[in-house]
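> structure, please.
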Amino acid sequence: MTSHLYRNSLESRIFDTLILLVLTLVAILTLYPLVYTVVISFSSANVYNPYFYFWPVEPHFGNYLGLVRTPIFWQAYLNTIFYTTAGSLLAVVLTVITAYPMSIDSFPFRNFFMFFITFTMLFSGGLIPYYLLIRSLGLINTPWVMIVPGALSAFNVILARTYFKTTLPSELREAAKIDGAGEWTILLRIVFPLSAPIVAVIALFTAVGIWNSYFSALIFLNDRNLYPVALILREIVAGVSGAEMLPAEMRTTASIAGVRAATLVVSILPIMCVYPFLQKYFVKGIMIGAIKG
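Model (predicted):
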């Protein structure tokens with residue numbers, strides 16, 4: 001009996017050790033590209049080469065100074081902040097006021113409306129009809145083309161509807177109506193304050209999507225003053241821009257690869273800073289909205 005328990009315990013420890021080693025290897029393979037990017041962003045142009053680095057060589061801030069002295073990058077950065085903030089707020093408002101009525105059993109034709117919302121997830125008109133639609137709405141080469149078209153997502157509506165239906169009891173709404181509250185009062189003063197997890201999910205999904213989006217800007221924006229940072233980043237990585245972004249006095253210490261790495265670091269930093277504060281709401285909201293219902 002003791003030998004059997006010892007064997008099981010030994011096998012369990014070996015298995016746990018192997019799992020730990022595999023997960024450690026996966027973590028290293030996942031994190032190293034990020035570490036490498038940060039290292040290159042602080043390395044001098046004179047010693048840069050495409051081999052492995054674990055710490056900066058001749059560390060300096062020339063690559064970041066190149067960005068600081070580049071007006072078009074910071075204009076794109078401010079544009080992206082505006083697109084992300086406005087788009088996330090609009091997405092939260094539209095999703096909540098669309099999903100909440102669908103979660104009420106007495107709402108007429110709710111299954112009919114949900115069918116058409118779900119139907120949009122299965123079929124798309126294609127790029128050319130989409131472009132013609134955007135042009136007919138007068139959104140071409142305007143900031144609103146980055147905010148309005150993707151503000152209402154069928155996926156987010158389904159998540160929010162499921163959350164409202166499974167988390168907020170109908171008795172709460174009935175009690176509020178007995179006290180004389182109208183539908184808008186119930187939504188704004190009861191439902192919305194109790195929906196922080198799903199609001200965080202919608203806001204985070206939308207914010208990350210807009211922050212990383214470059215294709216819509218590539219298709220619909222002609223004015224470089226309206227470009228988001230993702231499109232400038234694409235130009236730098238693709239080699240369309242880079243050397244011309246650097247001031248003349250920076251080209252001896254800054255490198256194109258270093259500027260690309262610095263641009264990547266500066267671009268992903270806001271999302272990395274915001275996510276830890278929303279993580280607890282995000283996990284709760286996505287689990288409730290996706291599993292139940």
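> need the strands for the chain, in chain order.
Applying DSSP state E to the chain gives no strands.
> how about residue 149, nearest residue that isn't a chain neighbour?
residue 134 (6.6 Å; CB to CB, 6 or more residues apart in numbering). For glycine as for every other residue, the C-beta is placed from the backbone atoms N, C-alpha and C.
> report the contact partners of the one you found.
By CB atoms under 8 Å, 6 or more residues apart in numbering, the contact list for residue 134 reads 140, 145, 149, 220.
> so the last one is in contact with residue 144, correct?
If I follow you right, that is residue 220. No: Residue 220 is beyond contact range of residue 144, at 10.0 Å (criterion: CB atoms under 8 Å).
> returning to what we had before: tell me the two of the contacts of residue 134 that are most distant?
140 and 149 (11.4 Å; CB to CB).
> ok so, going back, report the buried members of the contacts of residue 134.
Among the contacts of residue 134, those classed as buried by 16 or more other CB atoms under 10 Å are 145, 149, 220.
> can I get these in CSV with distance to residue 61 and pLDDT?
Formatted as CSV, the buried ones among the contacts of residue 134 follow (distance: CB to CB, whole Å; pLDDT from 0 to 100):
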residue, distance to residue 61, pLDDT
145, 35, 91
149, 39, 88
220, 35, 91
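> between these, which is nearest residue 20?
Among the buried ones among the contacts of residue 134, residue 149 lies closest to residue 20 (CB to CB), at 46.0 Å.
> would you state the helices of the stretch 51-200 of the chain in chain order?
Remark: helices assigned in the stretch 51-200 of the chain by DSSP state H, counting those that start in this stretch are 62-68, 71-102, 110-119, 127-136, 154-167, 170-178, 183-186, 196-212.
> nearest to residue 260 among those helices would be which one?
Of the helices of the stretch 51-200 of the chain, nearest to residue 260 by CB to CB is helix 62-68, at 8.7 Å.
> for the stretch 101-250 of the chain, which spans come out with low pLDDT?
Across the stretch 101-250 of the chain, the ranges flagged by pLDDT under 70 are 237-250.
> okay then, goodbye and thanks.
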